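Novice: Mind folding the following:
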Amino acid sequence: MQFHVDGYQTGDPMTMPAQGYGVDRPEELPETMDVLIVGCGPAGSIAAAQLSRFPNVNTRLIERRGHRLPLANADGVHSRTMETFQAFGFAHEIYEEAHTITDMAFWKPDPQDPQRIIREMSTRELPPEFSEWPMMLITQVRIIDHFNRFMKNAPTRMEPDYGYEFVDMEVAPDSEEKEYPITVTLRRSAGPEEGQEIQVRTKYVVGADGARSNVRKSLGYRLHGKQANHAWGVMDVYADTDFPDVRKKCTIKSSTGRTILLIPREGGFLFRLYVDLGEVADGDRSVRDTPLEDVIATAQEIMSPYKLDVKNVVWHSIYEVGHRVSDHFDDRASEKTSSEDPRVFITGDACHTHSAKPARG
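Specialist: Next comes the predicted model:
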């Protein structure tokens with residue numbers, strides 16, 4: 001609606017005029033670029049979305065998969081994250097689409113009959129003076145979709161480049177003063193040219209390629225931390241239940257000491273259960289083979305006397321609680337480079353990983 005700038009034009013006002021690299025963006029990766037972002041999860045997507053607004057910065061976002069991520073396990077969006085989405089202009093859409101968490105209920109064994117659970121209390125999840133946004137629950141895939149739309153509407157018309165896997169990189173010494181000092185080796189991981197290696201040169205690399213980050217490994221860094229030797233089964237279920245707080249965030253503790261964290265999912269039908277599977281001995285990986293039926297049976301036992309008749313499990317996993325942090329977050333301490341100014345950065349799970357209890361690193 002800025003008539004004094006461009007005059008009136010019909011169309012989507014959220015689509016910014018194409019400028020710079022957005023005018024003639026090549027389909028294939030160019031030989032040189034300013035920024036190469038590796039991994040199009042949330043960390044990579046938000047970095048790419050921010051850079052997509054700068055027409056004179058040639059940024060490319062690559063992803064090992066040959067397609068958009070179809071299903072993701074992360075779903076919690078805290079209030080501060082909603083404020084970040086507000087800066088990108090789609091917080092109101094997330095609000096309409098997601099499930100809103102206003103209250104949290106706490107359940108415990110009934111003192112009169114410990115085999116049964118009762119509601120101990122229900123309290124507000126976040127006092128309103130902390131943020132105008134509540135906590136939201138929505139699949140990570142939809143958040144990435146919103147960032148991808150923002151990028152495509154930005155001046156550079158950026159889109160993810162699927163089917164490229166990061167292999168290795170070399171960073172030229174400062175003394176050589178190359179315009180594009182980083183040479184990156186990539187492998188085609190999908191499509192007719194699968195397995196073919198190519199090289200591109202760039203000024204900066206952002207490693208957002210997850211907990212098994214090849215960018216981090218190429219710098220010689222490791223993740224340090226430990227596991228709590230406690231296993232959890234997590235599953236998104238469609239179920240018939242008479243549990244009264246099934247559309248409310250809950251912690252449920254049974255007389256056995258086992259607990260459940262219940263998270264309602266967006267859409268009004270599914271809900272997620274984090275089911276306590278107990279302590280695990282050091283080095284024991286067999287818990288990861290726990291049958292889904294056993295996880296469901298444990299959940300039914302904890303939620304007694306309420307019915308939990310699971311009709312369908314959309315997604316499930318077994319994990320152990322753990323927290324790890326990388327040695328460093330850029331390349332200045334790496335033997336790979338002698339640069340005094342950082343050229344390579346790692347972010348997201350590439351430099352700090354956590355397992356959810358409940359979704360806090």
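Novice: per-residue confidence averaged over stretch 258-265?
Specialist: Per-residue pLDDT over stretch 258-265 has a mean of 93.
Novice: Show residues contacting it.
Specialist: 75-76, 99, 101, 137, 139, 236, 245-253, 270-276, 278, 298-299, 301-303, 357-358 (CB atoms under 8 Å, 6 or more residues apart in numbering). Glycine gets a C-beta too; all of them are placed from N, C-alpha and C.
Novice: Where strands are concerned, which of the residues you listed count?
Specialist: The strands, defined by DSSP state E, take in 76, 99, 101, 137, 236, 249-253, 271-276, 278 from the contacts of stretch 258-265.
Novice: Just the buried ones from those residues?
Specialist: 76, 99, 101, 137, 236, 249-253, 271-276 (16 or more other CB atoms under 10 Å).
Novice: Can you list the buried residues in stretch 24-39?
Specialist: Of the residues in stretch 24-39, those buried (16+ other CB under 10 Å) are 29, 33-39.
Novice: again with stretch 74-94
Specialist: 75-79, 81-82, 85, 88, 90-91, 94.
Novice: Ok, stretch 110-119 next?
Specialist: In stretch 110-119, counting by 16+ other CB under 10 Å, buried: Ile117.
Novice: what's the burial count for the closest residue in space to Ser254 that isn't next to it in sequence?
Specialist: Spatial nearest neighbour of Ser254, excluding adjacent residues (CB to CB, 6 or more residues apart in numbering): Ile302 at 4.3 Å. Here the number of neighbours of Ile302 (other CB atoms under 10 Å) works out to 22.
Novice: Contacts only, for Ile302.
Specialist: Ile302 neighbours (CB under 8 Å, 6+ apart): 117, 252-254, 256, 258-260, 275-276.
Novice: What pLDDT does the model give it?
Specialist: 94.
Novice: And it, how far from Ile260?
Specialist: 5 Å (CB to CB, to the nearest Å).
Novice: How about Asp103?
Specialist: 17 Å.
Novice: For the two, indicate the residue with more neighbours.
Specialist: Each of Asp103 and Ile260 has its neighbours counted (other CB under 10 Å); Ile260 has more, 23 against 14.
Novice: secondary structure class for the more buried one?
Specialist: strand (DSSP: H, G, I helix; E, B strand; the rest coil).
Novice: ok, for it, nearest residue in space, not its chain neighbours?
Specialist: With CB to CB, 6+ apart as the criterion, Ile260 has its nearest non-adjacent residue at 4.3 Å, and that residue is Ile252.
Novice: remind me, longest helix of this structure?
Specialist: As assigned by DSSP state H, the longest helix anywhere in the chain is helix 140-153.
Novice: Quick check: what element follows that one along the chain?
Specialist: Helices and strands here follow DSSP states H and E; after helix 140-153, the next one along the chain is strand 161-162.
Novice: downstream neighbour of that next one in the secondary structure list?
Specialist: strand 164-171.
Novice: returning to what we had before: could you export the buried residues of stretch 74-94 to JSON lines, including columns for pLDDT, distance to Thr347 and secondary structure?
Specialist: Converted to JSON lines, these look like this (pLDDT from 0 to 100; distance: CB to CB, whole Å; DSSP: H, G, I helix; E, B strand; the rest coil):
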{"residue": "Asp75", "pLDDT": "81", "distance to Thr347": "20", "secondary structure": "coil"}
{"residue": "Gly76", "pLDDT": "86", "distance to Thr347": "19", "secondary structure": "strand"}
{"residue": "Val77", "pLDDT": "90", "distance to Thr347": "18", "secondary structure": "strand"}
{"residue": "His78", "pLDDT": "89", "distance to Thr347": "18", "secondary structure": "coil"}
{"residue": "Ser79", "pLDDT": "90", "distance to Thr347": "21", "secondary structure": "helix"}
{"residue": "Thr81", "pLDDT": "92", "distance to Thr347": "15", "secondary structure": "helix"}
{"residue": "Met82", "pLDDT": "93", "distance to Thr347": "20", "secondary structure": "helix"}
{"residue": "Phe85", "pLDDT": "95", "distance to Thr347": "18", "secondary structure": "helix"}
{"residue": "Phe88", "pLDDT": "95", "distance to Thr347": "17", "secondary structure": "helix"}
{"residue": "Phe90", "pLDDT": "95", "distance to Thr347": "21", "secondary structure": "coil"}
{"residue": "Ala91", "pLDDT": "95", "distance to Thr347": "22", "secondary structure": "helix"}
{"residue": "Ile94", "pLDDT": "95", "distance to Thr347": "21", "secondary structure": "helix"}
